[in-house]
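Visitor: coords please:
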Amino acid sequence: MREETVRTDLTVVGGGLAGVCAAIAAARLGRSVALVTNRPVLGGNSSSEVRVWVCGATGHGTQRYARETGIMGELFVENQYRNPEGNPYYWDLVVLDAVLAEPGIQLFLNTDVREVDASGPEEDRRIEAVTGWMMGSERRIRFTSTAFADCTGDGLIGFLAGAAYRIGREARAEYGEPWAPETADAITLGSTLLFYTRDTGRPERFVPPSFAKDIEATSIPERRIIKSGDNGCAYWWIEFGGELDTVHDNERIRDELWAVIYGIWDYIKNSGAFDAQTMTLEWVGAVPGKREYRRFTGDYTLTQSDILDQTPFPDRVAFGGWSIDLHPPGGVYATESGSKHWHPDGNYHIPLRCLYSTNVGNLWLAGRDISASHVAFGSTRVMATCAVTGEAAGSAAALALRHGVSPRELARDHVTELQQTMLRQDAALLGVRNDDPADLARQADITASGTLTELAADASGTDRLPLDEDRALLVPVDPELTTLDVLLDADTATELTAQCYATGKPQNYLPAELVATTRVQLAPGTKQWIRLQLPWRPPEPQNAFVILRRAAGVSLHAAATPPEPGVLAFRRTPQPTEREYDQPVVEWRPDQNRQGWCFRLAPNTRAYAPERAVGGYARPYGGPQLWASAELGDEPQWLQLHWPKPVTPTRVELIFDDDVQEDLINLHHHRTPYDHPPALVRDFRIEAADDQGDWQALAWRTNNRRRRRIVNLPPDVRTDRLRLIIDSTHGSPRAHVFSLRVYG
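Guide: Take a look at the predicted model:
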């Protein structure tokens with residue numbers, strides 16, 4: 001047996017997306033990291049071993065402008081390019097390459113951590129080291145660090161260290177959660193195994209194993225959707241174990257899930273109810289995808305009301321948007337629906353105080369085991385949200401190590417610094433503005449070659465959009481809205497009612513407060529431009545949600561071109577009248593394929609002004625929050641900084657537009673039609689003015705496919721003017737820049 005010791009600043013245990021993002025975040029901030037996982041591949045439940053879709057704040061497109069940025073965003077966009085077919089093995093490579101690209105990370109696969117050295121009283125413990133067994137290599141490895149992160153999902157490290165935790169559901173009265181049971185219990189969400197099928201084009205036999213369930217003897221065919229062509233996460237509802245111990249009964253749960261899978265496949269192949277003669281099983285999972293086990297106690301516990309009310313925590317470090325998604329304890333055998341969902345009105349915040357143990361002073365938490373109630377966990381548990389908590393925990397750990405403080409002290413004394421650090425890294429953080437005093441761009445005047453000011457879609461396409469239900473248009477208002485013209489057809493004389501609403505919270509895209517109403521009389525006719533008087537001057541720039549109420553015989557003209565950033569068209573889908581709660585984000589859905597209407601907005605807008613790219617939010621928040629250039633033509637478009645006296649820039653940091661409204665997913669539950677986001681800048685240059693005022697090229701980049709780019713400049717550059725020149729995008733007619741930072 002080989003005995004080894006590995007010494008790093010931070011040890012991250014768990015190689016799922018939370019652990020991967022925690023390790024990468026800390027390494028990028030200069031810390032040495034050991035990333036330790038007991039599996040042969042990275043990615044956790046998203047890996048080729050389990051193959052669960054990576055879902056997150058977008059809620060499969062339910063939430064608007066919600067896709068994660070930062071490290072998780074990089075993985076999504078890179079996978080879109082590398083893996084157009086959603087191959088689970090290619091996804092493994094995307095995740096692995098991201099880790100191997102960081103020289104500060106030492107990766108230990110197949111290493112099962114079973115021992116934790118921790119000391120101190122129960123209320124104030126500290127981890128000294130963890131020890132793992134590297135399977136297949138007969139190596140016993142001791143990892144010593146100043147800080148540790150439990151990203152195991154099941155929470156084994158914190159448990160062995162004596163961290164306070166709980167398993168199961170809290171009583172309703174504990175946090176005042178309507179979806180919690182009256183009495184606390186040990187019930188959790190169950191585990192799932194998935195399977196893949198393939199059509200071979202020739203008859204295929206299936207002889208079921210002796211342990212396969214007789215599915216027709218259960219309620220499954222009547223209560224669950226079974227299709228011969230479905231596979232993978234389409235069968236997320238093959239769930240079991242919520243009434244057992246998810247960890248200690250893991251083998252029993254796996255065996256039951258196998259029995260169900262082979263029983264379902266026997267039913268598909270041999271019942272005669274499906275056209276499946278040429279179908280075969282290509283892959284069946286062997287590692288149950290666990291949903292829930294230990295949840296540790298932090299200095300704050302996220303609850304149902306925090307998600308639904310979108311509590312604006314001052315120590316926000318991550319966001320989510322998936323519905324509160326709870327499953328019945330009986331899993332696949334339950335008589336009720338396989339899941340129930342309660343969607344917040346927009347993205348919600350996750351505070352730093354949920355990401356560390358309340359009684360183990362150097363233990364960070366990320367992923368499934370953060371401090372949340374069972375009900376709130378129903379939303380935070382999805383993997384892209386786990387990933388952004390990982391980036392937050394890794395970033396926080398790096399900053400705490402730099403200052404020599406505990407997690408609690410960091411949350412108390414250094415939150416603003418952490419948020420600014422994360423914002424600079426393009427982390428998934430909402431409602432925090434760039435206030436970095438070291439950013440030289442904030443001290444400069446900013447101008448541009450041209451800017452989108454006239455917001456309109458004049459050209460009519462071939463489609464007509466009937467007003468058989470209410471429709472709506474989201475537009476930025478900066479500084480005011482006076483009129484909205486729409487192009488429509490009317491079969492008969494009728495009245496059209498339009499209403500303008502404020503959207504409430506800046507991250508929400510729903511009607512919240514009525515600010516203007518108008519009614520116009522329509523005459524019969526086609527291609528009529530109708531002017532709607534909707535005067536509104538909000539106290540600060542924000543979005544308007546303009547609703548056209550249903551009108552029989554009236555149709556809008558679909559626009560021939562895609563809408564500009566920050567503009568979305570919606571169609572209202574009435575929900576059942578008898579329901580426990582309203583879910584307006586489900587009621588108001590963006591039109592498919594982002595098809596907009598023909599419209600003209602007055603007056604001209606400042607929503608895309610050059611200054612939006614400096615000192616801003618770096619993602620949509622109460623408006624598009626980016627510079628949108630004039631249309632790219634034979635001449636490039638540029639963004640220029642001018643300082644009152646010369647500066648010495650050494651580094652330019654850019655955040656381009658990769659369209660966070662587009663819902664990407666690792667294994668392509670749905671497939672967007674491009675390899676690169678069309679709005680993403682492709683070719684760009686950095687230039688500086690010399691002493692004579694002539695422009696000198698400093699750096700060129702071509703074929704860019706990343707949202708965040710760092711450009712190191714040649715030494716000894718001194719200038720009073722610097723400009724970013726954009727030559728082309730991956731398809732958009734305009735250049736979009738969310739953030740331009742300069743450091744000396």
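
Visitor: other SSEs contacting the lowest-mean-pLDDT helix or strand in the chain?
Guide: Lowest mean confidence among the helices and strands of the chain (mean pLDDT, DSSP states H and E): helix 220-223, at a mean of 88. Applying 3 or more Cβ pairs under 8 Å, 6 or more residues apart in numbering; DSSP states H and E, one finds that helix 220-223 contacts helix 250-270. In short, each C-beta sits where N, CA and C put it, glycine included.

Visitor: mind giving me the packing neighbours of the helix it packs on?
Guide: Helix 250-270 packs on strand 191-192, strand 195-199, helix 220-223, strand 239-240, strand 279-284, going by 3+ Cβ pairs under 8 Å, 6+ apart.

Visitor: kindly recompute the last result at 7 Å.
Guide: strand 191-192, strand 239-240, strand 279-284 (3 or more Cβ pairs under 7 Å, 6 or more residues apart in numbering; DSSP states H and E).

Visitor: ok, back up a step: what does the least confident helix or strand of the chain rub up against?
Guide: Residues outside helix 220-223 that contact it (Cβ atoms under 7 Å, 6 or more residues apart in numbering): I215, Y267, V332, T335.

Visitor: over to stretch 663-681?
Guide: Residues contacting stretch 663-681 (Cβ under 7 Å, 6+ apart): 46, 51, 53-54, 58, 60-61, 67, 76-77, 79-81, 84, 86, 88, 91, 232-233, 565, 656-659, 662, 704-705, 707, 726, 729-732, 735-736.

Visitor: just the buried residues of those residues.
Guide: For those, a burial check counting by 16 or more other Cβ atoms under 10 Å picks out 46, 51, 53-54, 58, 61, 67, 76-77, 79-80, 86, 88, 91, 232-233, 565, 656-659, 662, 704-705, 707, 726, 729-730, 732, 735-736.

Visitor: name the spans of the stretch 351-500 of the chain whose pLDDT lies under the cut-off.
Guide: The model of the stretch 351-500 of the chain has no residue with pLDDT under 70.

Visitor: thinking again about what came up before, from the buried ones among the contacts of stretch 663-681, which land in helices?
Guide: Judged by DSSP state H, the buried ones among the contacts of stretch 663-681 include F76, V77, N79, Q80, P88, W91 as members of helices.

Visitor: and the third one, what pLDDT?
Guide: Looking back up the chat, that one is N79. As predicted, N79 sits at a pLDDT of 97.

Visitor: contacting residues for it?
Guide: Neighbouring residues of N79 by Cβ under 7 Å, 6+ apart: W91, V94, N666.

Visitor: again with the fifth one
Guide: For P88, the contacting residues are S48, R51, L667, by Cβ under 7 Å, 6+ apart.

Visitor: adding pLDDT and distance to Q533, write those out as a markdown table.
Guide: Formatted as a markdown table, these follow (pLDDT from 0 to 100; distance: Cβ to Cβ, whole Å):
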| residue | pLDDT | distance to Q533 |
| --- | --- | --- |
| S48 | 98 | 58 |
| R51 | 97 | 54 |
| L667 | 93 | 48 |
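
Visitor: which one of those is nearest R295?
Guide: R295 has its nearest neighbour among these in R51, at 24.7 Å by Cβ to Cβ.
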